[in-house]
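Engineer: Got a sequence here, can you build the structure:
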Amino acid sequence: MSKIRLTVAQFGAGLDIDENRRISTELIAAAGDSSDLVVLPENAMYSDPGKERPDSKHSEDLDGPYVTAVKEAAKAAGTAVIAGFTEINPDDAVRPFNTLVYISAEGVLADVYRKIHLYDAFGYRESDTVTAAPISKPLVFELGGVKIGAATCYDVRFPEMMRWLVDAGAEAIVLPAAWAVGPMKELHWETLVRARAIENTVYFAACGQTGPSCTGQSMIIDPMGVIAASAGEAGGALATAVIDTERVAAVRKANPSLTNRRFQIAAG
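Structural biologist: Sure thing, here's the model as predicted:
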C-alpha cells in the first residue's frame, strides 16, 4: 500500500499574466516541502470571468512562459504539479484549448489533458471562446504508487467522465476548477465532488479559483465522502491531505459498488 501528500492551492487568477505566474510559482514553493503533488486551479495563467477585455486572446504553447515557470518551480520544490492554462490551438486561432499540464517533480512535462466538457450552462458559453478537445485517452498517472486521474471543472457534472478515469485505474481524482459564483453553486460544488468520491470510492481533490467571481472552497474528499481537508474562501490558501491506497482498498471492500455494477462506460 502507498501514501502521498496532496495539496490543493487555490487563488483567484486575473488579467495580469505575470502576476498569475508569480502567484502560481509561490504557491508551489510554499506547498512543496510538505507535498508530493500540488494542484492549482483551472485557468491559473489568465482569467477574465467578467469579460473586461472581451477582445483579448491570451494563450500560450506548452513550452511558453507559464508552463516553463511551473516546470522550474516544480523542480525547485521537488513536487509534482497539476495546473490549468489556456493553450494555443494551431487549428483555431480564436478558440484555444482549456488545458491541464502534469509536471513531474523533476520539472518535466509528463502529460496533458485538454478539457472535453465545456461550460455551456447557467447563461455562460465557454464553447464560444474555447475548443472542446476530442475524446482520446484519460489523463491517469502514477505518483508514489498511487494512480491519479485528472479532469477540469464542468467535467465533474458528468459522472461517466469520472468513471472513465477510474476504469483507467485512478485511486484519486484531481479537479482544477474555476467554479463560478451564483445561486446554489456552492451547494452543487460540494455535493458533486463528494458524490464523485463516494460513487467511485476514490479520493477527490477539487481546487477552485477564489472570489469575487469564483467560489474557492477547494477540498479533498476521502473515498467515504468525508472532507479530509478544506481551504475555505481565501485566495492563496492551501489544504493538504494524505492519499492512502490502503484506505481506498478498505472502502472498496466495504462498498464494492465498482465490482457490482452492470453497466460499462464507452466514449461517445
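Engineer: what are the ranges of the strands in the stretch 1-150 of the chain?
Structural biologist: Assigned by DSSP state E, counting those that start in this stretch, the strands in the stretch 1-150 of the chain fall at 3-10, 37-39, 80-87, 97-103, 109-114, 120-121, 124-125, 139-143, 146-150.
Engineer: For residue 133, grab phi and psi.
Structural biologist: As for residue 133, its main-chain torsions (degrees, to the nearest 10) stand at phi -80, psi 150.
Engineer: Okay, now the unreliable bits of the stretch 51-200 of the chain?
Structural biologist: Counting by pLDDT under 70, the stretch 51-200 of the chain shows low-confidence ranges at 54-56.
Engineer: Run through the helices of it in chain order.
Structural biologist: 65-77, 159-167, 185-200 (DSSP state H, counting those that start in this stretch).
Engineer: what bridges to the most centrally placed residue in the chain?
Structural biologist: By CA atoms, centre = their mean, the chain has its centre lying nearest to residue 176, at 2.3 Å. With DSSP bridges applied, residue 176 shows beta-bridge pairing to residue 207.
Engineer: before we move on, back to that, using a markdown table, lay out the strands of the stretch 1-150 of the chain together with mean neighbour count.
Structural biologist: C-beta coordinates here come from the backbone N, C-alpha and C atoms, glycine included. Formatted as a markdown table, the strands of the stretch 1-150 of the chain follow (neighbours: other CB atoms under 10 Å):
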| stretch | mean neighbour count |
| --- | --- |
| strand 3-10 | 24 |
| strand 37-39 | 29 |
| strand 80-87 | 28 |
| strand 97-103 | 25 |
| strand 109-114 | 18 |
| strand 120-121 | 12 |
| strand 124-125 | 12 |
| strand 139-143 | 19 |
| strand 146-150 | 24 |
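Engineer: Which of the ones you listed sits closest to residue 25?
Structural biologist: Comparison of those against residue 25 by CB to CB identifies strand 80-87 as nearest, at 9.7 Å.
Engineer: What is the distance between that closest one and the centre of its chain?
Structural biologist: Remark: strand 80-87 is offset 8 Å from the chain centroid, using CA atoms, centre = their mean, to the nearest Å.
Engineer: Next: stretch 216-235.
Structural biologist: Taking CA atoms, centre = their mean, one finds the center of stretch 216-235 at 13 Å from the center of the full chain.
Engineer: End to end on it, go ahead and measure it.
Structural biologist: For stretch 216-235, the first-to-last residue distance is 8 Å (CA to CA, to the nearest Å).
Engineer: ok, now stretch 152-169?
Structural biologist: Per CA to CA, the first residue of stretch 152-169 is 18 Å away from its last.
Engineer: so what's residue 218 up against?
Structural biologist: By CB atoms under 8 Å, 6 or more residues apart in numbering, the residues touching residue 218 are 8-10, 41, 206-208, 230-231, 237, 239.
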